[in-house]
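Chemist: Build the 3D model from these lines:
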Amino acid sequence: MDCICAECGRDLPRTSFTSNQYSKGAGWSRCAGCVHGHYSDSLAAIQSDGGRYNRSNRATIPTNELRYPFASGAFHCVAKGRHTSRERAGQACVSKWFKTGVVFEDDYFALDIKAVDKALEIVNRFNQLAIVQKPIKVNVPEVWTFDDDCDGDWAGSRFLNEHFIQNYQKFNSNSGHFSYHVSGGNYVLCDLQGGIYQHEVVLSDPVILSRTREYGVTDLGSNGISSFFYYHDCNEYCRPYWTIPANPVRHYRPALSTSMITLCRRPIPSLRNLHGQAVDIF
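Modeler: The predicted structure is shown next:
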C-alpha cells in the first residue's frame, strides 16, 4: 500500500520507504529521499527546457518518400522531408503516420504526444542534476495535416512531424532508475533512442511505463516496470539513495524491439525504430 511522506507530502509506494520508516505509518514515515536529504532530486524543473521543437509550420515531403518510406514498423511509417518556413527552413524533418487498421488513430496521436510530454518533464529534472556531461533534448512532435492538393489519399490526412535526428541509435542509460525515483515509483522512462551531437543528445519516440497503463500500447504497466528492474544493473550514474521496487519479477523477456500490447492487453508484434534497427525496451 502507498504511504504519504511526513516531510515531502508525496503519496509514494511502499518501496520508497525503508521497512522501519514505513512501519511508522502515514504522517510519521519519511521516504528514503527525505531521510537521506536528497528530496531535491524530485523537485520539478523550472529553469530547464529540454524540448527540441519544430519551430516551423510547413514542410515538403517528396512523393517518392511517401510511397517508399525509409522506415516502416508494425504501427507506423516514416518519411524524410524538409522544413520550408520560419527558423527551421531548409532543415530536415521526418513525418510519421500510422498504418490503417492497426490502431485507433486519434487515440494513438494523443498518447504518443502525451508520452513525449512526460518524457520531457523527466528529462528536464535529469538535466538539472548534471549527471551526464551533455544536456538531453527530446524531439517534440506536432500533429500536422497534408495539404488538400497532395497526391492521392495523402490529401487532408494527419501525421506527426518532428525535426530529423542524425546517426539514429539505441542508448543504454540509467534513465529508468532516475524516472522511477523522481516519480515516486509511478513511471519509468525507457527505450531511449536518438542521436549524439557535439553539444547535446537528442531523443525521440520515448516509452513511458506507468502503474495505470495510461500511455498506450507501448506502456507495459506495473509488469513492465518490474521487468525493467529485474534486468537493471546500477552503474556509476545511478545514486545509492534512488528508490527501486522490492523483489522485481521478470514478466517480459529482453527483446531486440519495443514491446507492445494491444488494446485488449495481449502481446503483439514488435515495432522497430526509425532506421529499422532493433531497439530494446529493457
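
Chemist: just so I have it, where are all the helices in the stretch 101-250 of the chain?
Modeler: 105-128, 175-182, 221-231 (DSSP state H, counting those that start in this stretch).

Chemist: do you know how far the nearest residue to F126 once chain neighbours are set aside is from I131?
Modeler: Of all residues not flanking F126 in the chain, F178 sits nearest, at 5.8 Å (CB to CB, 6 or more residues apart in numbering). All C-beta atoms are positioned from the backbone trio N, CA, C, and that covers glycine. From F178 across to I131, the span is 8 Å (CB to CB, to the nearest Å).

Chemist: Can you pull the poorly scored residue ranges out of the stretch 151-282 of the chain?
Modeler: Low-confidence segments of the stretch 151-282 of the chain (pLDDT under 70): 172-175, 253-282.

Chemist: can you pull the contacts of the residue nearest to F126?
Modeler: The contact partners of F178, taken as CB atoms under 8 Å, 6 or more residues apart in numbering, are I122, R125, F126, I131, L189, C238, W242.

Chemist: what number of residues lie near Y108?
Modeler: By other CB atoms under 10 Å, 17 other residues sit near Y108.

Chemist: so it touches L160, yeah?
Modeler: No - at 9.5 Å, Y108 does not count as touching L160 under the criterion of CB atoms under 8 Å.

Chemist: ok, T145 to S95 distance?
Modeler: According to CB to CB, T145 and S95 sit 11 Å apart.

Chemist: more neighbours, these two?
Modeler: S95 (21 against 13).

Chemist: Dump the contacts of F178 to CSV, plus neighbour count.
Modeler: Shown next, in CSV, are the contacts of F178 (neighbours: other CB atoms under 10 Å):
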residue, neighbour count
I122, 25
R125, 21
F126, 24
I131, 17
L189, 28
C238, 16
W242, 19
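
Chemist: tell me which of the residues you listed is nearest to P206?
Modeler: L189 (6.0 Å; CB to CB).

Chemist: Now for the closest one: which residues touch it?
Modeler: K118, A119, I122, V123, S175, G176, F178, S179, P206, V207, I208.

Chemist: Check F98 too.
Modeler: Going by CB under 8 Å, 6+ apart, the list of residues near F98 reads F75, H76, E105, Y108, F109.

Chemist: I'd like to know which of these are buried.
Modeler: Among the contacts of F98, the ones that count as buried by 16 or more other CB atoms under 10 Å are F75, H76, Y108, F109.

Chemist: Looking at the residues you listed, which one is closest to L66?
Modeler: Using CB to CB, the buried ones among the contacts of F98 come closest to L66 at H76, 13.0 Å.

Chemist: ok now do the closest one, which residues does it touch?
Modeler: For H76, the contact set (CB under 8 Å, 6+ apart) comprises K96, W97, F98, K99, L271.

Chemist: One more pass at 7 Å, please.
Modeler: Counting by CB atoms under 7 Å, 6 or more residues apart in numbering, H76 touches K96, W97, F98, K99.

Chemist: Then H83?
Modeler: H83 is in contact with S56, A59, A89, G90, Q91, C93, counting by CB under 7 Å, 6+ apart.

Chemist: likewise F228?
Modeler: G176, V188, C190, L209, F282.

Chemist: redo that, cut-off 10 Å
Modeler: Residues in contact with F228, defined by CB atoms under 10 Å, 6 or more residues apart in numbering, are 176-177, 180, 188, 190-191, 209, 220, 244-245, 248, 250-252, 281-282.

Chemist: So what's the residue count around L111?
Modeler: Look at L111: counted by other CB under 10 Å, it has 19 neighbours.

Chemist: From here on, call the first residue 16.
Modeler: That works, and once the first residue is 16, the last one we named lands at L126.

Chemist: tell me the pLDDT at it?
Modeler: We have a pLDDT of 88 for L126.

Chemist: mind listing the strands in the stretch 116-265 of the chain by residue range?
Modeler: With DSSP state E, counting those that start in this stretch, the ranges of strands along the stretch 116-265 of the chain come out as 151-154, 157-160, 173-178, 184-185, 202-205, 208-211, 216-218, 222-225.

Chemist: which helices and strands sit right next to the first one?
Modeler: Here strand 151-154 touches strand 66-67, helix 120-143, strand 173-178, strand 208-211, strand 216-218, going by 3 or more CB pairs under 10 Å, 6 or more residues apart in numbering; DSSP states H and E.
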